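Visitor: 3D, please:
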Amino acid sequence: MIRILFTGGGTGGHIYPLIAVAQALRKSAEKRGVEIEFHYLGALGKYRETLTNAGMYVREIVAGKLHRHSALQSFFDAPKFFIGFFQALMRLYFLMPDAIFSKGGTGALPVIFAGWFYRIPIVIHESDTVPGLTNLVSARFAKRIATSFATALPYFSPAKRVQTGNPLREEFVTNQPLQHVAKQELGFDAERPLMLVWGGSQGSVRVNNLILLVLKELLPLTQVLHQTGEKNILDVQKLSRASLMDVPVEEAAKSRYQAVAYFEGDMRKALAASDIVISRGGSNSLFEIAAFGKPAIVIPLPEAAGDHQRSNAYEFAKGGAGIVIEEPNLLPEIFMSQVREIMTKPERAEAMRRASKAFFKPNAAELVAEEIFSLTQ
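Guide: Reported below is the predicted structural model:
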């Protein structure tokens, strides 16, 4: 019996890649004829049920946070870290996993320290072009360090590092829904183009406001599926109705707009249905867009730690998969000119689709799984 312990912060950007690697580990274990057991210890957020459904035994610990630019905030979070560390020491004493896999983030560092104390092999994965502070610290204790981007490799020891790409759940890699079927199932016209506006799991107020400003110009061009974030949905629904009420848009066009709070299990269907995606610059989002080969306009979050979303976005755009609009330039006329460039020029859209698909690394989860397995022998 092989036991693998997963850890990370309690956000989708940490949790979903862990599940992707668990899926790959399970398949690899079946081929090897060995039994495998998965445990999760770290911050949970709202993902306890998601992890449990993925076949993991789940435990939460107290999670402090390292603050890159505030020693005072880190000082006040220190007691949480020490509590989490002693909780992790206790859990690991009874569990003694064969390896630990960390995605970084709040809650991971106490587990990393406890694992190092017990000399348990540790593998970490860095999704972004600019590593997070937790992974920079964790790298000192890790046996192997996997990265999504080649640009992150120089931050880590050459003896430990390997570029794998970003692990995606197998349902994002295989058996993708057909575009016209996905459009119909989401309530859209299968014959018209569809724009997916995806502000991340929490949505983006600034992206929401932009879409509301240009909505009357968008609808003659494309249908719009707008993910607003749970906190913003009521405001966006109210404002969108008001903005279209007195606008000279034919009545049928008004039905081409849908605002939803959060996709939950429908993310792959939304991506499959889309012809163009408006997204923030999170690594998971970019690789999921690429898995479906979609052109994208990327609006990096300027407050992201280490400005990693800006760097991610330009790496994605470098090969032609996307267009980057930074927030200081996020004006309605600039946005609409880029949308028209993609929507009205089929050759440009096709080139972006090919570049997006080329950006994707379909075997990333399997490569990470092999790194973990190599340390359990």
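Visitor: going by C-alpha atoms from here, please, whenever you check contacts or count neighbours.
Guide: OK.
Visitor: who are the packing partners of the helix or strand hosting residue 162?
Guide: Using DSSP states H and E, residue 162 sits within strand 161-163. Secondary-structure packing of strand 161-163 (3 or more Cα pairs under 8 Å, 6 or more residues apart in numbering; DSSP states H and E): strand 144-147.
Visitor: partners of the strand holding residue 162, with directions?
Guide: strand 144-147 (parallel) (DSSP bridges).
Visitor: center of this protein, which residue is that?
Guide: With distances taken as Cα atoms, centre = their mean, residue 284 lies nearest the centre of the chain, 2.6 Å away.
Visitor: next one: the host helix or strand of it to chain centre, how far?
Guide: According to DSSP H and E, residue 284 maps onto helix 283-291. How far helix 283-291 lies from its chain's middle: 7 Å, per Cα atoms, centre = their mean, to the nearest Å.
Visitor: OK, contacts around the residue nearest to the centre of the chain?
Guide: 13, 127, 166, 168 (Cα atoms under 8 Å, 6 or more residues apart in numbering).
Visitor: what separates residue 342 from residue 223, distance-wise?
Guide: With distances taken as Cα to Cα, to the nearest Å, residue 342 is found 14 Å from residue 223.
Visitor: swap in residue 29?
Guide: Residue 29 is 44 Å from residue 223, by Cα to Cα.
Visitor: compare these two (neighbour count), which wins?
Guide: residue 223 (24 against 18; other Cα atoms under 10 Å).
Visitor: please name the residues that touch that one.
Guide: Contacts of residue 223 (Cα under 8 Å, 6+ apart): 188, 192-195, 256-257.
Visitor: so what's it bridging to?
Guide: With DSSP bridges as the rule, residue 223 is bridged to residue 194.
Visitor: cool, residue 297 as well?
Guide: Under the criterion used (DSSP bridges), residue 297 bridges to residue 278, residue 323.
Visitor: what is the burial count for it?
Guide: Neighbour count of residue 297, defined by other Cα under 10 Å: 23.
Visitor: just residue 242 next, same as before
Guide: Neighbour tally, residue 242, other Cα under 10 Å: 12.
Visitor: host element of it?
Guide: Going by DSSP H and E, residue 242 is part of helix 233-245.
Visitor: quick revisit: against residue 318, how distant is the residue nearest to the centre of the chain?
Guide: The value you get for residue 284 to residue 318, if Cα to Cα is used, is 17 Å.
Visitor: next one: residue 278
Guide: For residue 278 relative to residue 318 (Cα to Cα), the value is 17 Å.
Visitor: who has more neighbours, the two?
Guide: Neighbours were counted for residue 278 and for residue 318 using other Cα under 10 Å; residue 278 has more, 22 against 14.
Visitor: which one among the contacts of residue 223 gets closest to residue 300?
Guide: Minimum separation from residue 300 among the contacts of residue 223 (Cα to Cα) is found for residue 195, which lies at 18.0 Å.
Visitor: quick check: the gap between the closest one and residue 95.
Guide: Taken as Cα to Cα, the span from residue 195 to residue 95 is 47 Å.
Visitor: before we move on, back to that, return the subset of the contacts of residue 284 lying in strands.
Guide: In strands, judged by DSSP state E, none of the contacts of residue 284 are found.
Visitor: how about the strands of the stretch 251-377 of the chain, start to end?
Guide: Under the criterion DSSP state E, counting those that start in this stretch, the stretch 251-377 of the chain contains strands at 257-260, 276-279, 296-298, 322-324.
Visitor: and the angle for the strand or helix carrying residue 124 with helix 283-291?
Guide: Assigned by DSSP H and E, residue 124 belongs to strand 122-126. Counting by axes from the mean of the first three to the mean of the last three Cα atoms, to 10 degrees, strand 122-126 lies at 70 degrees to helix 283-291.
Visitor: and strand 122-126, what does it pack against?
Guide: Contact here means 3+ Cα pairs under 8 Å, 6+ apart; on that basis strand 122-126 packs against strand 99-102, helix 108-117, helix 133-138, strand 144-147.
Visitor: make it 10 Å
Guide: Counting by 3 or more Cα pairs under 10 Å, 6 or more residues apart in numbering; DSSP states H and E, the packing neighbours recorded for strand 122-126 are strand 2-7, helix 12-32, strand 99-102, helix 108-117, helix 133-138, strand 144-147, strand 161-163, helix 364-374.
Visitor: enumerate the positions of the last one that are buried.
Guide: By neighbour count with 16 or more other Cα atoms under 10 Å, helix 364-374 contains the buried residues 364-369, 371-373.
Visitor: go through these and say which is closest to residue 49.
Guide: residue 365 (21.5 Å).
Visitor: which residues touch that closest one?
Guide: By Cα atoms under 10 Å, 6 or more residues apart in numbering, the contact list for residue 365 reads 17-25, 164-170.
Visitor: surely residue 38 is within a strand?
Guide: Yes. Assigned with DSSP: H, G, I helix; E, B strand; the rest coil, residue 38 falls within a strand.
Visitor: residue contacts, it?
Guide: Residue 38 touches 2-6, 22, 25-26, 51-52, 54-58, 97, counting by Cα under 10 Å, 6+ apart.
Visitor: now residue 259. Nearest residue, chain neighbours left out?
Guide: residue 226 (4.7 Å; Cα to Cα, 6 or more residues apart in numbering).
Visitor: care to break the chain down by domain?
Guide: Following the assignment in automatic domain parsing, the chain carries domains at 2-166+362-374, 172-359.
Visitor: let me have those in a markdown table, adding mean pLDDT as columns.
Guide: Shown next, in a markdown table, are these (pLDDT from 0 to 100):
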| stretch | mean pLDDT |
| --- | --- |
| domain 2-166+362-374 | 92 |
| domain 172-359 | 91 |
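Visitor: quick one: which helix or strand includes the residue nearest to residue 259?
Guide: Using DSSP H and E, residue 226 falls in strand 223-227.
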